[in-house]
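A.B. asks: Next input, structure requested:
(chains A, B, C and D)
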There are 2 protein chains.
Amino acid sequence: MDYIEAAQALLQEKGVRASTIRINVLAYLLSHPTHPTVEHIYQALRKSMLTLSKTTIYNTLDLFQQQNLVRVINIDEKEMRYDANTTEHGHFQCQECKAITDFTIRCSTPDLPGFQIATRNIYYRGICAECQTKKEELLNEKSNGN
Amino acid sequence: MDYIEAAQALLQEKGVRASTIRINVLAYLLSHPTHPTVEHIYQALRKSMLTLSKTTIYNTLDLFQQQNLVRVINIDEKEMRYDANTTEHGHFQCQECKAITDFTIRCSTPDLPGFQIATRNIYYRGICAECQTKKEELLNEKSNGN
DNA sequence: TACATATTTAAATTCATTACAATTTAATTT
DNA sequence: AAATTAAATTGTAATGAATTTAAATATGTA
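C.D. replies: This is a model prediction of the structure:
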């Protein structure tokens, strides 16, 4: 399975012209399900596309969003993040390491009569399991050392 | 029931010095459960506090957040919004009128073993009932007129 | 009153994002 | 193929919310 081919196929499905840049941006998102920022994508693709502009990344991601190819994740305080996984899932951001983890969740129907819901975003924040373990280890070291 | 008194009481409960500015910012949030921005609060309080600085609003809201007196709502594309209602509820933003509506919702426990969850935010977007009605009326007018 | 601490202020800065005009590339027509 | 049109990409400059900084002011306590 080739991410480039998969990206090209997805673009064609949506009737979007599959330019080199578009294919590469989408392939990057497919191969890096780590919710990258515009900067991440830009720095990665710049290596092989010397004249690439950051504006193009913004434009491309806007287009993808309109076509439902990506979803924007606004969990981070400063930067937007992008996810090629458009299925329903929540996002957890660790306040220590800033990493974003997907999780599955089911919610009841909200009491919004007459409202038309277009997008749903569930953002949780806290300390991830890994950072939690590190913290506990630090505490143990301290109590053993003294 | 006086919002000023209520704000003062809440601040004292948390052991935070109840300065005039703090009381007024919190009272504003209590009396305007419309998820105001920093700018909204600033413009409203400036009228009676001529030397008020926007930085103070930021500082005050940061303090309130630490003390769990307010919750930050990041649903808007550009500006942060603040809510003195700290009970669990979701937020819906209308893509037409930008108004934010509270809703109640219950979600299943996420599959995040070992994770420590500190804050939860549920953001839905779409068209609110009012704007939906307006749109339908416009459509009807068109089909009747022609 | 004097002192230390907490609060408030205003100006300057930061930085992700957007606006826009110019340029390049690709597709279509003559 | 050349000419025309449309679409995509680029770079610079502007935007504006949020933060930083340092100075000024107010407050509580001895």
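A.B. asks: can we go C-alpha only for contacts and neighbour counts from here?
C.D. replies: Will do.
A.B. asks: Show residues contacting the longest strand that chain A contains.
C.D. replies: Counting residues, the longest strand in chain A under DSSP state E turns out to be strand A:116-127. Contact partners of strand A:116-127, identified using CA atoms under 8 Å, 6 or more residues apart in numbering or on different chains, comprise A:73, A:75, A:89-96, B:115-129, B:132.
A.B. asks: Identify the residues contacting A:L45.
C.D. replies: With CA under 8 Å, 6+ apart, A:L45 has these contacts: A:N24, A:V25, A:L52.
A.B. asks: Give the closest residue to the second one in space, chain neighbours not counted.
C.D. replies: Sequence neighbours aside, A:I41 is the residue nearest to A:V25 in space, at 7.0 Å (criterion: CA to CA, 6 or more residues apart in numbering or on different chains).
A.B. asks: buried residues in the helix or strand harbouring that neighbour?
C.D. replies: A:I41 is part of helix A:38-46, with elements assigned from DSSP states H and E. Of all the residues in helix A:38-46, those buried under the rule 16 or more other CA atoms under 10 Å in any protein chain shown are A:V38, A:I41, A:Y42, A:L45.
A.B. asks: tell me which of those residues is nearest to DNA strand C?
C.D. replies: A:V38 (5.6 Å; CA to the nearest atom of the strand).
A.B. asks: got a list of what the closest one touches?
C.D. replies: A:V38 sits in contact with A:K54, A:I57, A:Y58, A:M80, A:R81, where contact means CA under 8 Å, 6+ apart.
A.B. asks: Just confirm the first one contacts A:H40, I think it does.
C.D. replies: Looking back up the chat, that one is A:K54. No. The criterion here is CA atoms under 8 Å, and A:K54 misses it with A:H40 at 10.5 Å.
A.B. asks: any idea what the residue nearest in space to the middle of chain A is structurally, helix, strand or coil?
C.D. replies: Centrality entry for chain A: nearest residue to the mean C-alpha point is A:H35, 2.4 Å, by CA atoms, centre = their mean. Following DSSP: H, G, I helix; E, B strand; the rest coil, we place A:H35 in the coil state.
A.B. asks: hang on, it packs against A:T86?
C.D. replies: No. At 11.9 Å, A:H35 does not count as touching A:T86 under the criterion of CA under 8 Å.
A.B. asks: how far away is the closest residue to DNA strand D within chain A from A:E136?
C.D. replies: Chain A approaches DNA strand D most closely through A:L52 (3.4 Å), counting by CA to the nearest atom of the strand. Going from A:L52 to A:E136 by CA to CA, to the nearest Å gives 45 Å.
A.B. asks: Ok, A:A9 next?
C.D. replies: In terms of CA to CA, A:A9 sits 47 Å off from A:E136.
A.B. asks: what's the domain layout of chain A?
C.D. replies: A:1-85, A:87-146 (automatic domain parsing).
A.B. asks: Check whether the longest one comes near DNA strand C.
C.D. replies: Right, domain A:1-85. Yes. Residues of domain A:1-85 contacting DNA strand C under CA under 7 Å from any atom of the strand: A:T37, A:V38, A:T55, A:Y58, A:K78, A:E79, A:M80.
A.B. asks: got it, and stretch A:96-105?
C.D. replies: No. Judged by CA under 7 Å from any atom of the strand, stretch A:96-105 stays clear of DNA strand C, getting no closer than 14.3 Å.
A.B. asks: can you tell me if that stretch touches chain B.
C.D. replies: Yes. Part of stretch A:96-105 sits near chain B under the criterion CA under 8 Å from any CA of the partner chain, namely A:F103, A:T104, A:I105.
A.B. asks: Tell me which of the residues you listed fall in strands.
C.D. replies: Going by DSSP E, the strands hold A:F103 from the residues of stretch A:96-105 next to chain B.
A.B. asks: Could you turn the buried ones of the residues of stretch A:96-105 next to chain B into a PyMOL selection?
C.D. replies: Those of the residues of stretch A:96-105 next to chain B that count as buried under 16+ other CA under 10 Å are selected in PyMOL with:
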select buried, chain A and resi 103
